[in-house]
Each structure stands twice: as structure tokens, then as C-alpha cells.
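S.K.: the sequence isn't on hand, but the structure is:
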């Protein structure tokens, strides 16, 4: 069976927003027989789509599977480019690995890789990231910005703002950003962001932004080593959230804010980032490769560098570090 037609049919029924569409109308639109439409409907039902047959009116979509397949996300996307090309896998080592391979093959700006599960998910400094099957959002987005290579690191900050705005819009929860790439809910981590670069002598070839978001996990889904510091949207909200809505919102805001950054620079987004920051104004300990400093995080620069003032009055620019917020 033609899976492209099946996916397009799912999109068509989603766009109808629960209203029935006649089998004959669908047959005419797709240029196939009504019997073929019926077979594709059965295929969708086997995949978990809830489709009812309304007498004399046609087929109505009443529910979609809790899946990150393109057909469940793309029909309601509000983006111009991001997410228009999607690669979906049930399980993989890491969406970052797949995204790097696709980027080298020349896929377009905004191509998105989604997985239900990662068996070797990782965060900054190659730390392990638990990626439970079907309960989180494990995604990588390939960006091809026309900017100098020194402007690449700020995309991590932009992605953080996009994720926080998406969480806020879809769930109503108020999330915080801990510099540079952690999203917190009530002080516990729910999202990590990893930005990696492909470049050559001509500059940036691709930015790979990996996002791991804990959506519908419960306490039992976290290992003992992270139970005290990790949380999920479901645990904080008290009920399950739509992963599909979250993906669409993340892609929308990531596209919007990336465009602003490319056109206007980080200054246009800096106030928004600082408004969500749980780091600015706090006493922090910054652990770097060769030293550890403690002081007050005063601000970030337009380049995304964290400014920490130590007790001796000296201002330190921190480019990369593990940040511990002192209580």
C-alpha cells in the first residue's frame, strides 16, 4: 500500500478538524477509488488513528495516536521551513547521529529528526541522557544559517527560549533557563539542549540542535541517579501533555527566533532570555576544565557569554562551564 497516500489522507482528515469528509470526495481528491480510500482508512486505524464512519457524511477523525510520526505533526505546523522535512524512527542510538548524516547529504534547512526512543542519548560533555520510549521528545533540528561561525553558540540560547515558550504555550507551566542549555521546572531539569556544528573553510555548513524533553514520564521512569534532579511536564502539571503540540510549538518558535537573530542579532532576544533565566542575579559556582569560580551572575553578553563577578570585584566571562546555583 502507498504509505504516502496513507499519510496524506491522515493530514486531510486532521485538517477537517473532526468534521466528516465523504469517501467520494476523498477519492476524487486523491485520484483513487473509494475502495482504495477505505483500505487506507483501515491502515490508519491499525496505526492507532480513531476514525469513525458517519452515515451519509463520510469519515471523521476523532483521535490520533500518541506518536511523533510526521503524519501526526506536519498537518498543523505553522512554520515556513522547520519540520517540513521529517525523519522519524521508532528507536535509534541518538537523533544527533542521524541528523549529522542527513546534514552531510544536503537535506534542507529545518529538517527535523524525531525518535520515540534513544538507546544512547547524550547531553553536554557526553553525559548519558535517559530517553524513555514514547514518553519524551527526542529530536534534532538541522539549521543552515548564513552567519559567521562565531555566531553559532548563541543558537543554544535561542533554542532554550523557543523551548520555554513552547512549554508555556502548550502546558501553561512556567519554565526557567539555567545557562546555557538546561530548562528547569521548580528547580528540576526537564529539558537539555545540545548544539553541534558542521563547518569547513567557507564557514557553517550545518548546525545540529538536539533537544531532549521529558514530557510524560512518571517517577518510575527515571534512574536512581537522576530522580532527585529530573522531572517531566506530566509530573509538574499532573496530567499527560501532547507531544505533537509541543514539537509543533518548538519548531515554530525556533524558526521565528532564529530569523530574528540572523537579521537583528542576539540583542533583540537577550531581554527575553534574561526574563526566563534562573541564573542571572544569583550566586553561582562555575566549574570549568581548569578552574572553578564563584560569584554573582550579572548578565550575558550579546555573544551569549555569562558574566560572573567574584567577591574581589573582578568580572569573568564564562564561555563554557557547569553551573551550580547556590541557595
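M.R.: Here it is on my side, so go on. None of the values given here were measured: they were computed from a predicted structure. Numbers count the residues shown, from 1 in each chain.
S.K.: can you map out the strands along the stretch 201-327 of the chain?
M.R.: Here the stretch 201-327 of the chain has its strands, by DSSP state E, counting those that start in this stretch, at 203-214, 283-287, 292-300, 306-309, 315-318, 322-325.
S.K.: residues in contact with the fourth one?
M.R.: Residues from elsewhere that reach strand 306-309, judged by Cβ atoms under 8 Å, 6 or more residues apart in numbering: 179-180, 279, 284, 286, 293, 295-301, 315-318, 321, 323. Every residue, glycine included, has its C-beta placed from N, CA and C.
S.K.: can you do 10 Å?
M.R.: Outside strand 306-309, the residues within contact range by Cβ atoms under 10 Å, 6 or more residues apart in numbering are 179-180, 277, 279-280, 283-286, 293-301, 314-321, 323.
S.K.: and that strand, how far from the chain's centre?
M.R.: With Cα atoms, centre = their mean, to the nearest Å as the basis, strand 306-309 stands 28 Å off its chain's centre.
S.K.: same question for stretch 193-210.
M.R.: Put simply, stretch 193-210 sits 17 Å off its chain's centre (Cα atoms, centre = their mean).
S.K.: in it, what counts as buried?
M.R.: 193-195, 204, 206-210 (16 or more other Cβ atoms under 10 Å).
S.K.: just send the residues you listed back as a markdown table, with pLDDT too.
M.R.: A markdown table is the format used below for the buried residues of stretch 193-210 (pLDDT from 0 to 100):
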| residue | pLDDT |
| --- | --- |
| 193 | 95 |
| 194 | 94 |
| 195 | 94 |
| 204 | 92 |
| 206 | 97 |
| 207 | 97 |
| 208 | 98 |
| 209 | 97 |
| 210 | 96 |
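S.K.: name the nearest of those relative to residue 42.
M.R.: Using Cβ to Cβ, residue 210 is the member of the buried residues of stretch 193-210 that sits closest to residue 42, with 36.5 Å.
S.K.: my guess is that closest one contacts residue 113. True?
M.R.: Yes - using Cβ atoms under 10 Å, residue 210 is in contact with residue 113, at 8.9 Å.
S.K.: from residue 23, how far off is the residue in the chain sticking out farthest from the centre?
M.R.: Farthest-out residue of the chain from its mean C-alpha position, per Cα atoms, centre = their mean: residue 56, at 41.2 Å. From residue 56 across to residue 23, the span is 11 Å (Cβ to Cβ, to the nearest Å).
S.K.: then residue 166?
M.R.: 37 Å.
S.K.: and this protein, what are its domain boundaries?
M.R.: Per automatic domain parsing, the domain ranges recorded for the chain read 3-63, 70-276, 283-325.
S.K.: now do the end-to-end distance for the second one.
M.R.: End-to-end span of domain 70-276 (Cα to Cα, to the nearest Å): 30 Å.
S.K.: same thing with the last one?
M.R.: The separation between the terminal residues of domain 283-325, taken as Cα to Cα, is 6 Å.
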